[in-house]
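Colleague: Generate coordinates for the sequence data below:
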Amino acid sequence: MRFDARRVRLLRGFLIALILGMMGVDAAYADSIDGTWCSERDHHQMTIKGTEAFLPGGRRVTGEYSRHRFSYLIPVPDAEAGRITLLRLMGERTMMSVSAKPDGTEPSEPENWKRCELTS
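Modeller: Purely as a prediction, here's the structure:
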């Protein structure tokens with residue numbers, strides 16, 4: 001089979017589109033706060049799925065979601081109940097959280113989170 005210049009250009013274009021499409025799917029996932037996160041401080045896990053999050057103790061909360069942020073009211077019976085936690089995506093593999101009273105006073109120290117690594 002003979003490859004002429006036209007076929008080579010078509011094949012090259014197809015391969016470039018395929019590679020860019022595959023990269024776009026991964027980048028879209030990485031550019032979202034959704035997923036499972038591990039605390040760097042105490043290795044607890046939290047999972048965010050849209051407006052829902054599953055906290056380290058397994059409790060499910062509903063919060064305010066945007067692609068790069070999530071916030072929720074800490075529920076009873078937690079010792080921090082009534083405070084608001086804000087989570088912010090800092091990069092494709094890192095997130096930071098901070099909590100404060102609803103009026104913004106008494107903020108906590110920022111906590112760093114990273115995407116949990118899957119192990120088999």
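Colleague: What ranges in the protein fall below the confidence cut-off?
Modeller: 1-30, 118-120 (pLDDT under 70).
Colleague: quick one: contacts for the residue positioned nearest the centre of it?
Modeller: Nearest to the geometric centre of the chain sits Ile33, at 2.3 Å (Cα atoms, centre = their mean). With contact taken as Cβ atoms under 8 Å, 6 or more residues apart in numbering, Ile33 is in contact with 48, 65-70, 87-89, 95. For the C-beta atoms, the positions are set from N, CA and C on the backbone; glycine is no exception.
Colleague: quick one: which of these is most hemmed in?
Modeller: Phe70 (26 neighbours; other Cβ atoms under 10 Å).
Colleague: Can you tell me the closest non-neighbouring residue to that one?
Modeller: Using Cβ to Cβ, 6 or more residues apart in numbering and skipping the chain neighbours, the partner closest in space to Phe70 is Leu87 (4.6 Å).
Colleague: wait, the one you found sits on Ser97?
Modeller: Yes: between Leu87 and Ser97 a contact is recorded at 4.7 Å, counting by Cβ atoms under 8 Å.
Colleague: Please enumerate the shared neighbours of these two.
Modeller: Trp113.
Colleague: My understanding was that Arg60 contacts Ile48; is that so?
Modeller: No: the pair Arg60 / Ile48 is not scored as a contact, 11.2 Å apart, by Cβ under 8 Å.
Colleague: wait, what's in contact with the closest residue to Met90 other than its chain neighbours?
Modeller: The shortest distance from Met90 to any residue other than its chain neighbours is 5.4 Å, reached at Met96 (Cβ to Cβ, 6+ apart). By Cβ under 8 Å, 6+ apart, the residues touching Met96 are 87-88, 90, 110-113.
Colleague: Tell me the buried residues within the residues you listed.
Modeller: For the contacts of Met96, a burial check counting by 16 or more other Cβ atoms under 10 Å picks out 87-88, 111, 113.
Colleague: Now secondary structure and distance to Asp78 too, for these, in a markdown table please.
Modeller: Below are the buried ones among the contacts of Met96 laid out as a markdown table (DSSP: H, G, I helix; E, B strand; the rest coil; distance: Cβ to Cβ, whole Å):
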| residue | secondary structure | distance to Asp78 |
| --- | --- | --- |
| Leu87 | strand | 16 |
| Arg88 | strand | 21 |
| Glu111 | strand | 15 |
| Trp113 | strand | 18 |
